[in-house]
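Q: with the sequence up front, the predicted model follows.
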Amino acid sequence: MKIMVVDNEELAVKTLCNTICEVIEDAEITRSTDSVEALNIAKDINPDIVFLDIDMPGMDGMKLAKEIKESVNPKVNIIFTTGYSEYLEEAFTKLRASGYLMKPVTEKMLRTEIENLRYPPHFEMLGSKAVRVRAFGTFEVYVNGTPVNFHYVKTKELLAYLIDRDGMCSISELEEGIFEESEERADHKSYIRNMISDLIKVFTELKCKDVIIRKYGAIGLDVSQIDCDYYEYKKDNPAAINSFRGEYMSQYSWAENTLGTLMFKNE
């Protein structure tokens, strides 16, 4: 887990780094006492978590948090560590911070924040297979840590639908599921064939062709070659359970049925 600690006071940085090491044994910690330097470092390492003081000279912590989210990663976990409570509302409503800790930060406070991150770093927790899928929140797919891009937008949705259906679907099921609200069905089979060709082409180029399973009238995935938070959740993996925040493939309306099942299990 890549962590940044930013505070203009060197003693505060050292103290917080020591506390983090007590809570996260394998943490990769980068520290900075300068906001501009911190922003450049964040661009280089793309941290999972940034512990950030607010009252700093030059670019203050609120401005730095905004810059990191806009130029590095909108879903980085910002945890403010400060002696000022008046920024609490802005931190959560405008910057969607993961946490807000009043100094001095104790090990107990820190542990609670780490266990309840707004954007859990799923892929470090769930294994090391080449293909990794995040279903909680918005659907995303990575190969060797890099986001996968397809020629057709719908190809990504086709892949999401296969993941949701545990890996295998008939062409007719894909047609009904992905184009559920459309009445124009005549061209869908042709479009799905193009999406499947796109899926195979991209995974072949990424040297993951064996993940795709072809059958007559159907397309599927070898899910044994895929790390997925949804699958781990169904296996009662504690890390996956902790990463579920009530969102599942949120860009797809057909995923609401599975979300309802997840919510019921989570109660």
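A: Everything's here; your move. Everything quoted here is computed from the prediction, not taken from an experiment.
Q: can you give me the buried ones in stretch 216-232?
A: With burial defined by 16 or more other C-beta atoms under 10 Å, the residues of stretch 216-232 counted as buried are 219-221, 223, 226-232. For the C-beta atoms, the positions are set from N, CA and C on the backbone; glycine is no exception.
Q: narrow these to those in helices?
A: 229-232 (DSSP state H).
Q: what would the residues you listed look like in TSV with distance to C17 and pLDDT?
A: TSV is the format used below for these (distance: C-beta to C-beta, whole Å; pLDDT from 0 to 100):
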residue	distance to C17	pLDDT
D229	29	91
Y230	34	94
Y231	35	93
E232	30	89
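Q: export those to TSV and append columns for distance to S35.
A: Shown next, in TSV, are those (distance: C-beta to C-beta, whole Å):
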residue	distance to S35
D229	33
Y230	38
Y231	40
E232	37
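Q: from these, which single one is nearest D166?
A: Y231 (8.1 Å; C-beta to C-beta).
Q: now R165: closest residue in space that isn't a chain neighbour?
A: E173 (7.5 Å; C-beta to C-beta, 6 or more residues apart in numbering).
Q: wasn't the one you found part of a strand?
A: No - the assignment for E173, made by DSSP: H, G, I helix; E, B strand; the rest coil, is helix rather than a strand.
Q: surely it meets D164?
A: No - E173 is beyond contact range of D164, at 11.1 Å (criterion: C-beta atoms under 8 Å).
Q: quick one: which of those two has more around it?
A: It is D164, of E173 and D164, that has more neighbours when counted by other C-beta atoms under 10 Å, with 20 against 15.
Q: enumerate every residue touching that one.
A: Taking C-beta atoms under 8 Å, 6 or more residues apart in numbering, we find D164 in contact with 135, 230, 249, 254-255, 258.
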